[in-house]
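J.: predicted model, plus sequence, below.
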Amino acid sequence: MKKAIILLMSVQFLVYLGFGIVIPVLPEAVVAQGYDEMHVGGLLTVYALASFFTAPLWGSYSDRTGRKKLIMIGLAGFSLSFFLFALFTHSLPMMYLSRIIGGLFSGALYTAVTGFVADLTDEENRNKYMGFLGMSIGLGFIFGPAFGGILGDYSLSLPFTASGTLILLLLFYAAFVLKEPVRQGEAKKRAIIPEGAARLWGYRVRYLFLLSFMVTFLLAGIEATFQLFNIHKIDITPKQIGYLFMFSGLVDAAIQGGVVRRVKNGMETNIIILAQMITAAGLILMLFTGSLFWAGLSLCVFTAGNALARTILVSLTTKESGGRYGTAAGMSYSMDNIGRIGGPLLFSWLFTRLPDGVYGISAALAVLSIVLLLLYRNSDRTLRNAEPLG
């Protein structure tokens, strides 16, 4: 079992490393070819769309045919997406195709891996091993941009070739190491609209769902435009952007590991309000970027606020779910994904129209989102201490 868990952690790490390496390379690839900067958002959006809308289908397929088979398929398809991008960085239609393929098979891998771990574990140790998967995802997000930035400094195609090769090697290793687990339940299907979600929207937890959308919407917008903005401001390179995102990823990890666990019960809304103010401050600081240090400082301030809000929101949402933890988590996931789909597209469009005003608008949205928390606090339609919803 230990070998299988380590391999599954490696799969998750490489999936999110693959997502992260795009951040410092994609804007450079689009700008270098003379394409409209709007396509940076488009290329991020189609990946999220493909993953979001096909994951439920992959879950059903995994239950019918087995976890290992889907992992093999997912690794092969995900590897192909990187090789396609590496070969066709000069062709916009092919870049779109490679991103769609990448999103399609990343959804397959997430579904198969979580289902595999659920089958390998029991209720006593499942949280521990799911936590290991979460740690792998976090590490992928942290090191992906640095990996992409450093290799992209030599060639824009090199990060994709290296990632595709690593995933292909993992495919061959998995073929020998993984053994189909004894089925204990269904795969985690990431339903687009979780069953029973409509009932939750009748209560004040709906404001938390909307806030979850806004927090991810702002994060996805920054991922799409931060490099474009700093190319204009300080002529930033992919290597520099990679290091900045890696450092901000460490700030994210520090917030989640060191600060969040100290938040006392009942203080969540106050902390989220503070977090949104910090987020807005980071966005305002970005407007005054004149050096690499300032760009890094503003990004880290934004990340600190965003990470704090995201993590506390998850906890608060479960407390407001009336015992329907899975439904609430699924709805939050859906809102996050809608934010990740819409954020890059809208922010890229805003950037092409108002390159110096996009973060001012973003800061205003962060502050305005506090209204959702005030509506939440003033509503008495709560499920806390109520009988669990059937």
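T.: Received it, and whenever you're ready, just let me know what you need.
J.: all contacts plus neighbour counts: C-alpha atoms, from now on.
T.: Fine.
J.: need the strands for this protein, in chain order.
T.: Assigned by DSSP state E, the chain shows no strands.
J.: so where is it shaky, pLDDT-wise?
T.: 1-2, 55-56, 59, 62-63, 118-134, 180-198, 256-261, 321-330, 383-390 (pLDDT under 70).
J.: now do the helices in the stretch 201-350 of the chain.
T.: In the stretch 201-350 of the chain, helices defined by DSSP state H, counting those that start in this stretch lie at 205-234, 238-254, 268-286, 292-319, 325-353, listed in chain order.
J.: and residue 97, which of those is closest to it?
T.: Of all those, helix 325-353 sits nearest to residue 97, with 16.5 Å by Cα to Cα.
J.: packing partners of the closest one?
T.: helix 38-65, helix 197-200, helix 205-234, helix 292-319, helix 358-368 (3 or more Cα pairs under 8 Å, 6 or more residues apart in numbering; DSSP states H and E).
J.: centre of the chain to the third one, how far?
T.: Using Cα atoms, centre = their mean, to the nearest Å, the mean C-alpha position of helix 205-234 is found 11 Å from that of the whole chain.
J.: list the buried ones in it?
T.: Using 16 or more other Cα atoms under 10 Å as the test for burial, helix 205-234 gives 205-231, 233.
J.: same check on stretch 147-156?
T.: Neighbour-count burial for stretch 147-156 [16+ other Cα under 10 Å]: 147, 148, 149, 150, 151, 152, 153, 156.
J.: ok, now stretch 30-40?
T.: Residues of stretch 30-40 classed as buried: 30, 37, 38, 39, 40 (neighbour count, 16+ other Cα under 10 Å).
J.: quick check: the gap between the nearest residue to the fourth one once chain neighbours are set aside and residue 234.
T.: Nearest non-adjacent residue to residue 39, counting by Cα to Cα, 6 or more residues apart in numbering: residue 30, 7.1 Å away. Using Cα to Cα, to the nearest Å, residue 30 is found at 18 Å from residue 234.
J.: try residue 46
T.: Taking Cα to Cα, one finds residue 46 at 29 Å from residue 234.
J.: backbone phi and psi for the residue nearest to residue 94 when sequence neighbours are not counted, please?
T.: Among residues not flanking residue 94 along the chain, residue 88 sits closest, at 6.0 Å (Cα to Cα, 6+ apart). Per-residue torsions, residue 88: phi -130, psi 40 (degrees, to the nearest 10).
J.: okay, now residue 88: neighbour count?
T.: Counted with other Cα atoms under 10 Å, residues neighbouring residue 88 total 16.
J.: isn't it right up against residue 95?
T.: Yes - counting by Cα atoms under 8 Å, residue 88 does reach residue 95; the two are 6.5 Å apart.
J.: and the chain, what are its domains?
T.: 1-190, 194-384 (automatic domain parsing).
J.: excluding chain neighbours, what is closest to the residue nearest the centre of the chain?
T.: Centroid check for the chain by Cα atoms, centre = their mean gives residue 340 as the closest residue, at 7.4 Å. Leaving out its chain neighbours, the residue that sits closest to residue 340 by Cα to Cα, 6+ apart is residue 220, at 5.3 Å.
J.: likewise for residue 27?
T.: Using Cα to Cα, 6+ apart and skipping residues adjacent in sequence, the residue nearest residue 27 is residue 40, 5.8 Å away.
J.: for the one you found, what are its contacts?
T.: Residue 40 makes contact with 26, 27, 30, 224, 225, 344, 345, 348 under the criterion Cα atoms under 8 Å, 6 or more residues apart in numbering.
J.: count of neighbours near the first one?
T.: Read it as residue 26. For residue 26, the count of nearby residues is 25 (other Cα under 10 Å).
J.: what's the neighbour count on the closest residue in space to residue 112 that isn't next to it in sequence?
T.: The shortest distance from residue 112 to any residue other than its chain neighbours is 5.1 Å, reached at residue 67 (Cα to Cα, 6+ apart). Counted with other Cα under 10 Å, residues neighbouring residue 67 total 29.
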